[in-house]
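*Asks:* Sequence first, then the predicted structure:
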Amino acid sequence: MWFPNKGVMRVTFFAICFILALCSALEHSSSSENNGIKKLALSKENSTGFVKKLLASPEKGGAINRIGTTCSNDDIVILQGPGTPLPSGIPTYSVQVSNVCATGCSISNTHFHCGWFSSARLINPKLFRRIKFDDCLVNNGDALGAGDSLSFQYANSFPYRLSVSSVTCN
């Protein structure tokens, strides 16, 4: 029996997550005109991606000001989607956590709101673990470099609404 290598699986996973995020964004989006430029508004509620404004307009002939020179919770993007159920029938969910910091910052000590998170499938605790109610630690608290991501799968009868609660900018 042939199994794809990890590289092929990773690329396929990222492509599927991107398509799911794009479909979700387009489904919940609205557009508006502003100086001839169309903006796409993405909902942060259940989405996993959003637009970050990088430059502010110059005021009274001043230089262009760069916005967001430090990182924030918004620089961590969570993509989550359904996976293949376990043989027992329990649904699985794939999660991808990405650092999308546009200024090249690395982010550590990433904590998520996660309720009473639990999984019928073992998750490497260095990738993701619940510390206490509504507090889960990502990547063992280690830094996630700009553009880096990690992924894991969990199994439960329902998906958890994961969201970033705090980060440390490095």
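*Replies:* Ah, there it is.
*Asks:* what about this protein, any weak spots by pLDDT?
*Replies:* 1-69 (pLDDT under 70).
*Asks:* Recalculate using a threshold of 50.
*Replies:* Scanning the chain for pLDDT under 50 picks out the ranges 1, 11, 22-58, 62-66.
*Asks:* in it, which spans are strands?
*Replies:* In the chain, the segments counted as strands under DSSP state E are 30-34, 37-41, 55-56, 65-66, 76-82, 92-99, 107-113, 128-132, 135-138, 149-155, 163-169.
*Asks:* Next, the residues that contact the longest one from outside, please.
*Replies:* This means strand 92-99. When contacts are defined by Cβ atoms under 8 Å, 6 or more residues apart in numbering, strand 92-99 is touched by residues 13-14, 17, 75-86, 105-107, 110, 121, 128, 138-139, 144-156, 159-160, 162. (C-beta placed from N, C-alpha, C; glycine too.)
*Asks:* Buried ones among those?
*Replies:* 13, 17, 75-81, 83, 105-107, 110, 128, 138-139, 144, 146, 149-155, 160, 162 (16 or more other Cβ atoms under 10 Å).
*Asks:* residues near the residue nearest to Ser163 when sequence neighbours are not counted, how many?
*Replies:* Nearest in space to Ser163, with sequence neighbours left out and distances taken as Cβ to Cβ, 6 or more residues apart in numbering, is His113 at 4.8 Å. For His113, the neighbour count with other Cβ atoms under 10 Å is 16.
*Asks:* swap in Trp116?
*Replies:* Using other Cβ under 10 Å, Trp116 is surrounded by 9 other residues.
*Asks:* wait, doesn't it sit right on Cys136?
*Replies:* No: in this structure, Trp116 is not within contact of Cys136 by Cβ atoms under 8 Å, at 10.4 Å.
*Asks:* overlap in contacts of these two?
*Replies:* Contacts common to Trp116 and Cys136, judged by Cβ under 8 Å, 6+ apart, are Arg130.
*Asks:* quick revisit: please list all residues in contact with the residue nearest to Ser163.
*Replies:* His113 makes contact with 134-136, 161-165 under the criterion Cβ under 8 Å, 6+ apart.
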